[in-house]
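Visitor: the amino acid sequence is not available; the structure is as follows:
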């Protein structure tokens, strides 16, 4: 029986009941606006915290449309979050006849696509790109595409290949936590879409809430991490808040049963010594959680920037399980070094390092090489700060002569830096996009070399010039970015108009 408050949302009874079972009601504007818009086949852009749970109303609308009208849809999500998005799609479609698959590989998905036995495919951008390349996934056969968390994707190659061949009538739903990324991709791929959740252009920035404690943990380990958290903090009372009810059973299984001082809630939070945000909250929700008790934010990969935006100061809390995992990773690296030493073949390296080994302690040289070898060493510890959210003395800005007027996005620049110039993604900082150029933060020690390697590369079919930025605006303001590039090469050259 369809939930009474869902009757006018254009949802099928089965999907409406599934959405209500997750805890969603029409009291939430995301349900009132996102669900019917998606169900009617219109384009939609949603700015939400970085978690699949918040996309439930829009996904419910799409699933209802597929169940009623037929068609095939593709949902592309970041690889670490694939299980989360797949679980949500299965939860909303479990009582319908819709055929859903989460593609952790490509073989089975390719077979089902070719046999026309698949209605909704949930895949990472890499898997979707491989299926496109094989010809199993055809853009022209898609009636809807959902781009979930594109700011957390490893690359945009699959997106470019897919969207370039997508029919104009194909429904586009974009779900992002970064409003700038949402606006840029919406302008390119989902024009005239209804936008929900984006802050008004003239609204003042929201003050962060703090102090809060943070725990870096994998998406799939969140429930089990609660037991470690309970052991470490030993609070008199604990409340776990979730954005929906989809994980309540897993949370209940992970925590001690029969303890009245432990609660799991969706919605309003009662007072407690410790309040754990199981899902990333928005700013307003975090404020209400802080009013109820001391807040601990679970922070899966990809949520660091969002957490830094809404919470400050942040105090990282390391759990025993997380420390064990870190030690296991370190042991794996040591084993790799041992295997290489035992295999021999280090003569070339010894020749290059000989002068350093004579001047410095060999252990110090090895430690320095290790720091250079592991890009993650340049990233902040989980819960400390968002990666490269603020420039530091160790970063420098590089001017890149391609911008918004050329159709270029930060993802375009990141793709060239990582794939062609071989810059580790962890070393790429904040990217500012202007009308005719970009500014990207890079490690100061390598910025000049990277700029030289980047010069002459093509972004959006334009060969670009890159150089160290000296902190001055281009002559005449932002609109003269190309003039700046030209005059940088020859200041006596008369600017062209």
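Guide: Everything's here; your move. Keep in mind it's a predicted model, so treat the numbers as computed, not measured.
Visitor: how far does stretch 312-320 stretch from start to finish?
Guide: 24 Å (CA to CA, to the nearest Å).
Visitor: ditto for stretch 197-215
Guide: 26 Å.
Visitor: quick one, what contacts the most centrally placed residue in the chain?
Guide: The chain has residue 152 as the residue nearest its centroid, 2.5 Å off, counting by CA atoms, centre = their mean. Counting by CB atoms under 8 Å, 6 or more residues apart in numbering, residue 152 makes contact with 50, 78, 81, 177, 302. (C-beta placed from N, C-alpha, C; glycine too.)
Visitor: how close does the fourth one sit to residue 188?
Guide: Going from residue 177 to residue 188 by CB to CB, to the nearest Å gives 18 Å.
Visitor: so which of those two has more stuff around it?
Guide: residue 177 (25 against 12; other CB atoms under 10 Å).
Visitor: element containing the closest residue to that one other than its chain neighbours?
Guide: Spatial nearest neighbour of residue 177, excluding adjacent residues (CB to CB, 6 or more residues apart in numbering): residue 50 at 4.1 Å. Per DSSP states H and E: residue 50 is located in neither a helix nor a strand.
Visitor: wait, residue 50 touches residue 306, no?
Guide: Yes - with contact defined as CB atoms under 8 Å, residue 50 reaches residue 306; the gap is 5.1 Å.
Visitor: overlap in contacts, these two.
Guide: Common neighbours of residue 50 and residue 306, counting by CB under 8 Å, 6+ apart, are 177, 280.
Visitor: how about the strands in the stretch 351-497 of the chain?
Guide: Listed in chain order, the strands of the stretch 351-497 of the chain (DSSP state E, counting those that start in this stretch) span 395-400, 431-433, 438-443, 458-459, 462-463, 466-468.
Visitor: among the contacts of residue 152, name the ones in helices.
Guide: When the contacts of residue 152 are checked against helices (DSSP state H), there are no matches.
Visitor: pLDDT and distance to residue 123 added to those residues, as CSV?
Guide: Listed next are these as CSV, based on pLDDT from 0 to 100; distance: CB to CB, whole Å:
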residue, pLDDT, distance to residue 123
50, 94, 18
78, 91, 11
81, 92, 12
177, 93, 20
302, 88, 17
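Visitor: closest one of those residues to residue 296?
Guide: Residue 296 has its nearest neighbour among those in residue 50, at 17.5 Å by CB to CB.
Visitor: contacts only, for that closest one.
Guide: Residue 50 neighbours (CB under 8 Å, 6+ apart): 149, 152, 177, 280, 302-303, 306.
Visitor: would you turn those into JSON lines with distance to residue 167?
Guide: Output for the contacts of residue 50, formatted as JSON lines (distance: CB to CB, whole Å):
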{"residue": "149", "distance to residue 167": "24"}
{"residue": "152", "distance to residue 167": "27"}
{"residue": "177", "distance to residue 167": "28"}
{"residue": "280", "distance to residue 167": "34"}
{"residue": "302", "distance to residue 167": "31"}
{"residue": "303", "distance to residue 167": "34"}
{"residue": "306", "distance to residue 167": "33"}
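Visitor: report the buried members of those residues.
Guide: Using 16 or more other CB atoms under 10 Å as the burial test, the contacts of residue 50 include 149, 152, 177, 280, 302-303, 306 as buried.
Visitor: which of those lies closest to residue 372?
Guide: Nearest member of the buried ones among the contacts of residue 50 to residue 372, counting by CB to CB, is residue 302, at 25.2 Å.
Visitor: the strand or helix carrying residue 91: what's the following helix or strand?
Guide: Residue 91 is located in helix 82-93, with elements delineated by DSSP H and E. Once the chain leaves helix 82-93, the next helix or strand it forms, by DSSP H and E, is strand 100-103.
Visitor: partner strands of that next one, parallel or antiparallel?
Guide: strand 120-123 (parallel) (DSSP bridges).
Visitor: which residues does the strand it pairs with contact?
Guide: Strand 120-123 has contacts (CB under 8 Å, 6+ apart) with 63, 66, 72-77, 82, 85-86, 89, 93, 98-103, 109, 113, 128, 131, 137.
Visitor: so for that strand, mean pLDDT?
Guide: Average pLDDT, strand 120-123: 95.
Visitor: pull out the buried residues from it.
Guide: In strand 120-123, counting by 16+ other CB under 10 Å, buried: 120-123.
Visitor: and which of the residues you listed is nearest residue 163?
Guide: For the buried residues of strand 120-123, the closest approach to residue 163 (CB to CB) belongs to residue 123, at 15.0 Å.
Visitor: show me the beta-bridge partners of the closest one.
Guide: Going by DSSP bridges, residue 123 is paired in beta bridges with residue 76, residue 103.
Visitor: and it, how far is that from residue 259?
Guide: Taken as CB to CB, the span from residue 123 to residue 259 is 40 Å.
Visitor: do residue 219 as well
Guide: Distance, residue 219 to residue 259, by CB to CB: 25 Å.
Visitor: for the helix holding residue 91, packing partners?
Guide: Helix 82-93 is packed against helix 13-21, helix 56-69, strand 100-103, strand 120-123, with contacts defined by 3 or more CB pairs under 8 Å, 6 or more residues apart in numbering; DSSP states H and E.
Visitor: can you redo those as a markdown table with distance to residue 460?
Guide: A markdown table is the format used below for those (distance: least, CB to CB, whole Å):
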| stretch | distance to residue 460 |
| --- | --- |
| helix 13-21 | 40 |
| helix 56-69 | 29 |
| strand 100-103 | 29 |
| strand 120-123 | 26 |
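Visitor: so how many other residues sit close to the closest residue to residue 256 other than its chain neighbours?
Guide: Nearest residue to residue 256 in three dimensions, chain neighbours excluded: residue 262, at 6.9 Å (CB to CB, 6+ apart). Close neighbours of residue 262, defined as other CB under 10 Å, add up to 19.
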